[in-house]
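Q: Below are the sequence and a predicted model for it; my questions follow.
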Amino acid sequence: MKKRTFSGIKPTGDPHLGNYLGAMKRWADEQDRFDNIYCVVDLHGMTEPYDPPELRKYTRGMFASLLAVGLDPEKSILFVQSHVTAHAELCWILNCVTPMGWLERMTQFKDKSQKQGDRERISTGLFDYPVLMAADIVLYDAQVVPVGEDQKQHVELCRDVAQRFNRLFGETLIVPEPLIQEEGARIMALDDPTAKMSKSDDAPNRSIFLIDEPDVIRRKISRATTDSSREIRFDPSRPGIYNLLTIYRLLSGEEPATIEARYEGKGYGELKRDLAELVVEKLAPIRERYTELMADPDQLDALMARGADRARAIADPVLARVKRAVGLA
């Protein structure tokens, strides 16, 4: 029997190449490996300042993007988080068993709250969203959770919450395991290879978006930061060229030695030109499928509704089990 996996992606902007290589491509490639549940986590998109029409637009766009990269609604359950109300209901129940001290130690809350500055403006949702993430996962009896290294702490918190719930109320929740993808989990910004690509950053040459036009992709890669050395090698101590080579390897499927041999004695210009054409080639069918889906809103609505129905068929019995355990039913 296949293990069940749950993953979510936040609709805070258009998905970029880092999202694709770090998560979305793997989700599509491994659909036959797991019993898959994938979610556009729009409730998480509310934890920081946002514009309601943009949240709505990006939620639909992210759903279409997941289909466009190859997620098959016949093989995987694909839905929008807020369309299944059990997420919010279970979050409240788990809030009542999660110590505040656990949340105060979460690294991402510290980082994001420092960026926002004024604590009076930081939402409770930003503080509490790891509990919602835990609810997302245990609501589907997920056994494994594919995440990048930067999200591992959230899965560990989910495990702690599930274990504490089980100690208090009896064996009720599945305790999931993180599934960490080492390579490709952190694709860095083209203009600053010390920072990750971002959906919400509007710096013009930072991220390659899946719906970028070919000439835009070529321009961004041509302006990517490298270094003063001329040798093309997979060297993590040279983050700019290492990032470009990592993208090349993940898209081409070639081994590092093969790529290094191809560019022996050649310059960054040739590598950038070849990489740009490779990215254009790989993203073309994704952009085409995305455009088709967004042009047919009725079809997109129907796919979202069907996915939510399938998700509820799993989530509602788990929520009922939890409510019985805590005395709400």
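A: Happy to help now that I have it.
Q: Next, work out how far apart residue 104 and residue 128 are.
A: Here residue 104 is placed at a distance of 11 Å from residue 128 (Cβ to Cβ, to the nearest Å). C-beta coordinates here come from the backbone N, C-alpha and C atoms, glycine included.
Q: Looking at these two, which has the bigger crowd around it?
A: Taking other Cβ atoms under 10 Å, residue 104 and residue 128 do not tie; residue 128 has more neighbours (19 against 10).
Q: Helix, strand, or coil at that one?
A: Applying DSSP: H, G, I helix; E, B strand; the rest coil to residue 128 yields a three-state assignment of helix.
Q: show me what contacts it?
A: Neighbouring residues of residue 128 by Cβ atoms under 8 Å, 6 or more residues apart in numbering: 91, 95, 103.
Q: give me that answer again for 10 Å
A: Neighbour list for residue 128: 47, 91, 92, 94, 95, 98, 100, 103, 109 [criterion: Cβ atoms under 10 Å, 6 or more residues apart in numbering].
Q: cool, residue 284 as well?
A: Residue 284 makes contacts with 214, 217, as judged by Cβ under 10 Å, 6+ apart.
Q: tell me which element it falls in.
A: helix 268-294 (DSSP states H and E).
Q: helix or strand right after that helix?
A: Where DSSP H and E defines the elements, the next helix or strand beyond helix 268-294 is helix 297-326.
Q: now the helices: where do they sit in the stretch 1-150 of the chain?
A: 17-19, 25-29, 52-68, 86-95, 100-104, 107-116, 124-138 (DSSP state H, counting those that start in this stretch).
Q: Which among these is found nearest to residue 324?
A: helix 86-95 (11.5 Å; Cβ to Cβ).
Q: circling back to that earlier point, ok and the helix holding residue 284 relative to helix 297-326, angle-wise?
A: 90 degrees (axes from the mean of the first three to the mean of the last three Cα atoms, to 10 degrees).
Q: Now do helix 268-294: distance to the chain's middle.
A: 20 Å (Cα atoms, centre = their mean, to the nearest Å).
Q: One more: stretch 266-278?
A: Here stretch 266-278 is found 28 Å from its chain centre; the criterion is Cα atoms, centre = their mean.
Q: can you list contacts of it?
A: Outside of stretch 266-278, the residues within contact range by Cβ under 10 Å, 6+ apart are 208, 214-215, 217-224, 226-227, 229-230, 232, 240-241, 244-245, 247-248, 251-252, 259, 262-263.
Q: which ones among those are found in helices?
A: 214-215, 217-222, 240-241, 244-245, 247-248, 251-252, 259, 262 (DSSP state H).
Q: Run through the stretch 51-200 of the chain and note the low-pLDDT ranges.
A: Where the stretch 51-200 of the chain drops to pLDDT under 70, the residues are 110-120, 181-185.
Q: Now residue 255: closest residue in space, sequence neighbours ignored.
A: In space, and not counting its chain neighbours, residue 255 is closest to residue 249: 7.6 Å by Cβ to Cβ, 6 or more residues apart in numbering.
Q: Give the PyMOL command for selecting the buried subset of the ones in helices among the contacts of stretch 266-278.
A: PyMOL command restricting those to the buried ones, with burial defined by 16 or more other Cβ atoms under 10 Å:
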select buried, resi 217+218+220+221+240+241+244+245+247+248+251+259
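Q: circling back to that earlier point, find the one among the helices of the stretch 1-150 of the chain with the highest mean neighbour count.
A: helix 17-19 (a mean of 24; mean count of other Cβ atoms under 10 Å).
Q: any idea which helix or strand carries residue 173?
A: Assigned by DSSP H and E, residue 173 falls within no helix or strand.
Q: I'd say it and residue 160 touch.
A: No: taking contacts as Cβ atoms under 10 Å, residue 173 lies outside contact range of residue 160: 11.5 Å.
Q: Pull up the overlap in contacts between these two.
A: In contact with both residue 173 and residue 160: residue 134, using Cβ under 10 Å, 6+ apart.
Q: Looking at those two, which one has more neighbours?
A: Between residue 173 and residue 160, counting by other Cβ under 10 Å, residue 173 is the more crowded of the two (26 against 15).
Q: separation between that one and residue 135?
A: Applying Cβ to Cβ, the value for residue 173 to residue 135 is 10 Å.
Q: any shared contact partners between those two?
A: Contacts common to residue 173 and residue 135, judged by Cβ under 10 Å, 6+ apart, are 90, 94, 158, 161, 322.
Q: so which of these comes closest to residue 53?
A: Distances from residue 53 to the shared contacts of residue 173 and residue 135, taken by Cβ to Cβ, are shortest for residue 90, at 28.3 Å.
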